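[1] what follows is a protein structure lacking sequence information:
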């Protein structure tokens with residue numbers, strides 16, 4: 001059901017053996033900044049830039065037709081919201097690395113050194129503040145980051161690294177709003193450690209953001225076809241790789257086998273399962289771990305009712321769809337924002 005229990009943090013120990021011809025360029029993985037956003041150790045002396053969030057919406061500015069960027073606000077611009085007693089929550093996201101596009105944006109905003117990025121959660125207000133009151137560029141808009149019914153604004157950012165900033169800010173805002181009370185004793189919790197955790201003032205328990213682990217897998221038949229499915233709520237013609245959340249106590253490999261069997265009736269060859277990539281999917285709080293696997297049988301059976309359709313597609317069909325880069329009504333796959341796109345691209349490279 002997507003709800004996090006009161007369990008300890010997930011610790012993943014991974015040993016990967018990747019054939020050189022099958023190596024994946026991590027630059028192809030959306031939300032992976034390749035170290036340009038340093039997630040820990042944001043220096044207290046670093047100038048701050050804030051990403052405002054209101055009720056799950058982010059403030060964006062259309063710099064060119066169809067090209068968006070995150071609105072970043074300086075400490076001076078948000079001083080009236082961050083003053084003591086004003087109720088705005090602040091939480092550290094990370095520090096930009098020297099020379100990165102994010103650091104260059106900081107320079108344009110007057111930062112003398114690489115800035116630290118912070119969430120500015122404004123959902124305590126009755127209405128979202130307009131861009132003018134925040135000092136944002138003219139034409140700035142509060143936008144949802146993704147939509148199941150249309151192309152995501154994340155597909156149209158001028159700098160893809162900003163997707164990591166925006167998604168993390170939105171995800172942190174949701175986590176804070178969902179964890180106002182201690183799961184151990186029921187007392188109120190308060191932000192601590194620069195907003196990266198919450199602590200209980202009664203029993204002292206510390207609460208850290210948790211991610212729901214999920215697998216996403218492209219199943220192949222070894223003969224140039226792959227297995228894709230679609231949900232009834234998706235836009236017409238959209239098919240994607242199969243996916244699902246881990247059951248409690250389940251391994252990633254067990255989850256791959258189970259989810260494929262439940263959704264399609266196809267049996268996966270366990271020995272064929274191999275890791276491709278991972279990325280956070282903070283809508284609301286998942287870590288997607290991606291695989292490619294081969295089927296032991298190609299006959300589709302009776303799956304559960306989660307998917308409206310599941311079928312085999314030829315490499316030619318999938319390649320044409322990806323090359324078209326359009327949401328064709330008869331058949332298309334998710335955009336670059338999804339890990340499904342990364343895995344499909346990997347398979348297409350391997351099967352040239």
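    Nice, I can see it. The model shown is predicted, which means the values in this text are computed figures rather than measured ones.
[2] and stretch 103-123, average pLDDT?
    Mean pLDDT, computed over stretch 103-123, is 92.
[3] what about that stretch, distance to the chain center?
    21 Å (CA atoms, centre = their mean, to the nearest Å).
[4] now do the buried residues in it.
    By neighbour count with 16 or more other CB atoms under 10 Å, stretch 103-123 contains the buried residues 103, 105-106, 111, 114-123. In this view, the C-beta of every residue, glycine as well, is placed from N, C-alpha and C.
[5] of those residues, which is the nearest to residue 29?
    Nearest to residue 29 among those: residue 117, at 20.1 Å, using CB to CB.
[6] show me what contacts residue 335?
    151, 152, 155, 341 (CB atoms under 8 Å, 6 or more residues apart in numbering).
[7] equivalent analysis for residue 216, please.
    Contacts for residue 216 (CB under 8 Å, 6+ apart) come out as 241, 242, 243, 288, 289, 290, 291, 339, 340, 343.
[8] just the helices in the chain please.
    In the chain, the helices defined using DSSP state H lie at 79-82, 101-108, 131-134, 161-178, 252-264, 315-324, 339-350.
[9] which of those is buried the deepest?
    Stretch with highest mean neighbour count among the helices of the chain: helix 161-178 (a mean of 22; mean count of other CB atoms under 10 Å).
[10] what's the angle from that one to helix 101-108?
    Using axes from the mean of the first three to the mean of the last three CA atoms, to 10 degrees, the direction of helix 161-178 lies 90 degrees away from that of helix 101-108.
[11] same for helix 161-178, what does it pack against?
    Counting contacts by 3 or more CB pairs under 8 Å, 6 or more residues apart in numbering; DSSP states H and E, helix 161-178 packs against strand 37-38, strand 48-54, strand 57-64, strand 67-70, strand 89-96, helix 101-108, strand 116-121, strand 274-281.
[12] residues contacting it, please?
    Counting by CB under 8 Å, 6+ apart, 30-33, 36-37, 51, 53, 56, 58, 60, 69-70, 89, 91, 93-94, 100-102, 117, 119, 121, 123, 145, 154, 157, 191, 195, 198, 209, 280, 282-285, 337 sit against helix 161-178.
[13] so among the residues you listed, which ones count as buried?
    The neighbour count (16+ other CB under 10 Å) marks 30-33, 36-37, 51, 53, 56, 58, 60, 69-70, 89, 91, 93-94, 100, 102, 117, 119, 121, 123, 145, 154, 157, 191, 195, 198, 209, 280, 282-283, 285, 337 as buried among the contacts of helix 161-178.
[14] rebuild the helices and strands packed on helix 161-178 as a markdown table, extending it with distance to residue 235.
    Formatted as a markdown table, the helices and strands packed on helix 161-178 follow (distance: least, CB to CB, whole Å):
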| stretch | distance to residue 235 |
| --- | --- |
| strand 37-38 | 31 |
| strand 48-54 | 26 |
| strand 57-64 | 22 |
| strand 67-70 | 21 |
| strand 89-96 | 31 |
| helix 101-108 | 31 |
| strand 116-121 | 30 |
| strand 274-281 | 18 |
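[15] of the ones you listed, which is nearest residue 347?
    Nearest to residue 347 among the helices and strands packed on helix 161-178 is strand 274-281; the distance by CB to CB comes to 8.7 Å.
[16] before we move on, back to that, now, among the contacts of residue 216, which is nearest to residue 328?
    The closest of these, once distances to residue 328 are taken by CB to CB, is residue 340, at 16.3 Å.
[17] list the contacts of that closest one.
    By CB under 8 Å, 6+ apart, the residues touching residue 340 are 216, 218, 240, 241, 243, 290, 333, 334.
[18] and the gap between the spatially most central residue of the chain and residue 120?
    The centroid of the chain falls nearest to residue 281 when counting by CA atoms, centre = their mean (2.6 Å). Note on residue 281: its distance to residue 120, by CB to CB, to the nearest Å, is 23 Å.
[19] next one: residue 139
    Taking CB to CB, one finds residue 139 at 20 Å from residue 120.
[20] so, low pLDDT: which residues of this structure?
    The chain contains residues with pLDDT under 70 at 1-27, 41-44, 148-150, 325-326.
[21] quick one, domains of it?
    What the record gives for the chain is the domain set 32-178, 212-350, from automatic domain parsing.
[22] residues contacting the closest residue in space to residue 100 that isn't next to it in sequence?
    Nearest non-adjacent residue to residue 100, counting by CB to CB, 6 or more residues apart in numbering: residue 36, 3.9 Å away. Remark: with contacts taken as CB under 8 Å, 6+ apart, residue 36 is in contact with 96, 97, 100, 101, 102, 161.
[23] how does it look with 6 Å?
    Shown in contact with residue 36 (CB atoms under 6 Å, 6 or more residues apart in numbering): 97, 100, 161.
[24] any idea which of the helices and strands packed on helix 161-178 gets closest to residue 314?
    Nearest of the helices and strands packed on helix 161-178 (CB to CB): strand 274-281, 20.4 Å.
[25] any idea how far that closest one is from the chain center?
    11 Å.
[26] rewinding a little: from the contacts of residue 335, list just the buried residues.
    Listed as buried from these are 152, 155, 341; burial here means 16+ other CB under 10 Å.
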